[in-house]
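# next comes the sequence, and after it the predicted model I'd like to discuss.
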Amino acid sequence: MRVLLVATNTEVEPYPVAPLGMAVIAGTLSSVGHEVRQHDSLAASGLPDALRMVLREFRPEVVGLSLRNIDNVDSLTVGSHWALSGVREVVALVRSELDAPVIMGGPGFSLMPEEILNYSGADYGVVGEGEAATCELLAMLAHGQTPPRIMRGRTRIPGELIGAAMHDPAIFAHYLRESGVAGIQTKRGCPKTCSYCTYPTLEGRSIRAREPGAVVDDILRMTAEHDVHELFFTDAVFNDHEGHWLLLAEEMVRRGVSVPWTGFFQPGELYRDELRLCVRSGLKAVELGTDAATDATLRGICKDFDFATAERVSTLCLSERIPCAHFVIFGGPGETAATITEGLHNMERLGDAVVCAFLGIRVYPGTALFRQALREGSLPSDATCLQPSYYFSPDIDPAEAQERIALAFRGRRDRLFPPSKGQEQMAVMRRFGKRGILWDTLIRFPQQPRQEGASATVA
């Protein structure tokens, strides 16, 4: 079948991100014989005429829409980054040009599939891992059968291949010009039980890793063919407890991978020798899912580490001259005026690490936080959360908390709150041609002592 895949994302925060999920599905569909074309709303500047031209020229028999995010999970800009109205417009545009089934998929869609399918007007939806489910749905359509309205992807068993991405060269080049960052996934699944998180729902709780050699093959091919400035490993948690990340780092060192990379790390079991191995493989910065600022609020969202652990890892990274950023949410379960005071004090203990702070936690159906919000009455019993809904501890005043956090962070370039402040700083750097994750440039390491016969380096 002729299949047009459309990435509907137009969000550029924290930086423009190439549509990895669409590229993986494109590779899978092409491998089984479908003729696939990819279109990206952001690369096309969101212009309806660009999509209309593709529809008229390619005349797809099926159109698949990928939804990456519903919104930007920032309570302080609620409503201004909501994506679903734009998605509904895309569906309407396709309907005006073609009599072809429209399929929705992607991580954003999988969070609330029934509600989004109803709102968007699409015909079918694929929930979760889409490679096998999308192939099955297309096979049913090709044979004149009526698929179920929502197909649920089967969580793959350990050892089963996770598809490689088939990036559209023009789309990929656009994102590399804009940010220089290429995403790559090394594993799926997360066994953690964080109360607010959707990763276990999207990917399952068992870790299913790609073979390290296959990942490195992808990296070497991608960097040889494209102007990749740096990589970002998009795994829910890069430093998984089973040690797949270390096998990958060893393979990258063995095969001489030279492109810098970053990823999401948990502040748990992370030690000096492991970090040094990662640095040899190209690690340039560490993004830590610290997520709360006190032991009480860490327990409130069911984290399995304490703040001292996050502080230890932060100190370790900085001692190894690795830029480190903590992403922290104030206002979650267990937050009080006293824990805000303690949390702001704890932020000072992180020294020169970057802190990106949020206020309030975006609530999604199916999470423990959603059930807690219903019990506490902060969400109505019929809440769908299609429009952004945020959890705030009943023991704080959000407006007062916002003022206190902003005051504590004032005057520090490495303390980013509200989130829009960080985006403004990054946007300025991008206007001057800077590429990469960029928050790492907010850290200034002292110049190392000059050694005999060697030049000093500045990170």
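Perfect, thanks for sending it. Numbering: from 1, shown residues only.

# what are the boundaries of the helices in the stretch 151-300 of the chain?
Using DSSP state H, counting those that start in this stretch, the helices found in the stretch 151-300 of the chain span residues 169-178, 199-203, 212-225, 244-254, 272-280, 295-300.

# could I get the ones you listed as TSV with distance to Gln447 and mean neighbour count?
Using the backbone N, CA and C atoms, a C-beta is placed for each residue, glycine as well. Shown next, in TSV, are the helices of the stretch 151-300 of the chain (distance: least, CB to CB, whole Å; neighbours: other CB atoms under 10 Å):
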stretch	distance to Gln447	mean neighbour count
helix 169-178	32	17
helix 199-203	40	20
helix 212-225	30	16
helix 244-254	27	20
helix 272-280	19	16
helix 295-300	36	20
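
# relative to Ser66, how far out is the spatially closest residue to Ala182 that is not a sequence neighbour?
Among residues not flanking Ala182 along the chain, Val228 sits closest, at 4.7 Å (CB to CB, 6 or more residues apart in numbering). Distance from Val228 to Ser66, counting by CB to CB, to the nearest Å: 22 Å.

# what about these two, which has more around it?
Ser66 (28 against 18; other CB atoms under 10 Å).

# now the more buried one, which residues is it bridged with?
When assigned by DSSP bridges, Ser66 has beta-bridge partners Ala7, Gly105.

# tell me if I'm right that it and Asn9 touch.
Yes. Assessed by CB atoms under 8 Å, Ser66 is found in contact with Asn9 at 7.5 Å.

# common neighbours of the two, please.
Counting by CB atoms under 8 Å, 6 or more residues apart in numbering, the common neighbours of Ser66 and Asn9 are Pro19.

# so Asp440 sits against Cys317, correct?
No. Under the criterion of CB under 8 Å, Asp440 is not in contact with Cys317, lying 11.0 Å apart.

# what is in contact with those two at once?
In contact with both Asp440 and Cys317: Pro323, using CB under 8 Å, 6+ apart.

# neighbour count: these two, which is higher?
Cys317 (24 against 20).

# so that one sits right up against Leu275, yeah?
Yes. Because the distance of 6.8 Å satisfies CB under 8 Å, Cys317 is recorded as touching Leu275.

# shared neighbours of the two, which are they?
What both Cys317 and Leu275 touch, as defined by CB under 8 Å, 6+ apart, is the set Val286.

# who's in contact with stretch 288-303?
193-196, 237, 264-267, 305-307, 310, 313-314, 324-330, 332-335, 339, 342-344, 346-347, 361, 368-369, 393.

# and the strand or helix carrying Gly21, what does it pack onto?
Take DSSP states H and E as the rule and Gly21 turns out to sit in helix 20-31. Under the contact criterion of 3 or more CB pairs under 8 Å, 6 or more residues apart in numbering; DSSP states H and E, helix 20-31 touches strand 2-7, strand 35-40, strand 62-66, helix 131-142.

# could you export these as a markdown table, including distance to Gly125 and mean pLDDT?
Shown next, in a markdown table, are the helices and strands packed on helix 20-31 (distance: least, CB to CB, whole Å; pLDDT from 0 to 100):
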| stretch | distance to Gly125 | mean pLDDT |
| --- | --- | --- |
| strand 2-7 | 14 | 98 |
| strand 35-40 | 19 | 98 |
| strand 62-66 | 10 | 98 |
| helix 131-142 | 9 | 95 |
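
# among those, which is nearest Leu248?
helix 131-142 (21.1 Å; CB to CB).

# now do the helix holding Gly21 against strand 2-7, angle only.
Relative orientation of helix 20-31 versus strand 2-7 (axes from the mean of the first three to the mean of the last three CA atoms, to 10 degrees): 170 degrees.

# quick check: angle from helix 20-31 to helix 169-178?
Using the same axes, to 10 degrees: helix 20-31 against helix 169-178 is 160 degrees.

# can you pull out the low-pLDDT segments for the stretch 351-459 of the chain?
For the stretch 351-459 of the chain, applying pLDDT under 70 flags the ranges 449-459.

# for it, what spans make up the helices?
368-376, 398-409, 419-431.

# JSON lines for the ones you listed, including mean neighbour count and distance to Pro107?
Output for the helices of the stretch 351-459 of the chain, formatted as JSON lines (neighbours: other CB atoms under 10 Å; distance: least, CB to CB, whole Å):
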{"stretch": "helix 368-376", "mean neighbour count": "16", "distance to Pro107": "17"}
{"stretch": "helix 398-409", "mean neighbour count": "16", "distance to Pro107": "27"}
{"stretch": "helix 419-431", "mean neighbour count": "16", "distance to Pro107": "20"}
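
# okay, these in TSV with distance to Val3 next?
Output for those, formatted as TSV (distance: least, CB to CB, whole Å):
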stretch	distance to Val3
helix 368-376	34
helix 398-409	45
helix 419-431	33
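
# nearest to Ala164, out of those?
helix 419-431 (28.7 Å).

# how far is that closest one from where the chain is centred?
Counting by CA atoms, centre = their mean, to the nearest Å, helix 419-431 is centred 18 Å from the centre of its parent chain.

# and the contacts of it?
13-15, 72, 74, 76-77, 178-179, 356-358, 413, 416, 438-439, 441-442.

# mind doing that once more with 6 Å?
Applying CB atoms under 6 Å, 6 or more residues apart in numbering, the set of residues contacting helix 419-431 from outside is Glu13, Asp74, Cys356, Leu416, Leu438.

# now the two most distant members of those.
With CB to CB as the measure, no two of the contacts of helix 419-431 lie farther apart than Asp74 and Leu438, at 18.0 Å.

# how much space between Glu342 and Leu51?
50 Å.

# show me which of the two is the more surrounded one.
The neighbour comparison of Glu342 against Leu51 (other CB under 10 Å) goes to Leu51, with 22 against 17.

# are we agreed that that one is in a helix?
Yes. Counting by DSSP: H, G, I helix; E, B strand; the rest coil, Leu51 is part of a helix.

# distance-wise, check Tyr364 relative to Phe370.
Taking CB to CB, one finds Tyr364 at 6 Å from Phe370.

# pull the contacting residues for Arg210.
Arg210 touches Ile162, Thr186, counting by CB under 6 Å, 6+ apart.

# for it, give its distance to Thr134.
Arg210 is 19 Å from Thr134, by CB to CB.

# of the contacts of helix 419-431, which is the nearest to Val215?
Leu438 (24.7 Å).

# quick one, phi/psi of the closest one?
phi 70, psi -30 (degrees, to the nearest 10).

# show me the contacts for it.
Under the contact definition (CB under 6 Å, 6+ apart), the residues listed for Leu438 are Met426, Met429.

# switch to 8 Å and redo it
With CB under 8 Å, 6+ apart, Leu438 has these contacts: Tyr15, Gln425, Met426, Met429, Arg430.

# turn the residues you listed into CSV, columns for distance to Val32.
Conversion of those to CSV gives the following (distance: CB to CB, whole Å):
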residue, distance to Val32
Tyr15, 33
Gln425, 45
Met426, 40
Met429, 42
Arg430, 39
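
# since we're on Arg410, how many residues are nearby?
Count around Arg410 with other CB under 10 Å applied: 9.

# state the distance from it to Lys421.
10 Å.

# ditto for Val78
17 Å.

# quick check: Glu250 vs Thr336, distance?
In terms of CB to CB, Glu250 sits 45 Å off from Thr336.
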